[in-house]
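Peer 1: Curious how this folds, go ahead:
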Amino acid sequence: MADIKYSQVQSGLVALAAATAAEENAARHRFNRLKNKVTEADRNYSNIVRLGFDPLTLADFSTVGQSLVGQARMVLDAANVAIELNGMALQAGRDIDYRHGGMDRAIASNPVPPANREAYNNR
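Peer 2: This next block holds a predicted model:
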């Protein structure tokens, strides 16, 4: 016999589903930080162009900016996936609670009196 009860598994799954929200939030924050860095890099690039820096320096700044843009795109993709998966996980958690936890609560709050065994045995 297992050392874990079904209700513990159920509670664990609901908690894991809720924990995915933290991953979604972290992805959103990382994207916002990168977006701010991209904006700053673009502003800096515009400033050094106005100042008349040489083409090699401009190329270096452009490479840094492109790297940030690439990172931001990848983080945005990851954030979108995290949002979608979070929604699925939360729905699964609600489904688990509805299908199983709701039944447990209903039984606990409205106990059914035992049936007359003789009625079942005498056919």
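Peer 1: For residue 87, the count of nearby residues, please.
Peer 2: 13 (other CB atoms under 10 Å). Placement of C-beta: from N, CA and C, glycine included.
Peer 1: how about low-confidence regions in the chain?
Peer 2: Flagging of the chain using pLDDT under 70 yields the residue ranges 1-2, 6, 100-115, 119-123.
Peer 1: For it, just list every one of the helices.
Peer 2: Applying DSSP state H to the chain gives helices spanning 6-51, 55-96, 102-109, 117-121.
Peer 1: Report the angle between the second one and helix 6-51.
Peer 2: By that I understand helix 55-96. Counting by axes from the mean of the first three to the mean of the last three CA atoms, to 10 degrees, helix 55-96 lies at 160 degrees to helix 6-51.
Peer 1: measure residue 41 to residue 72 for me?
Peer 2: The gap separating residue 41 from residue 72 is 10 Å, by CB to CB, to the nearest Å.
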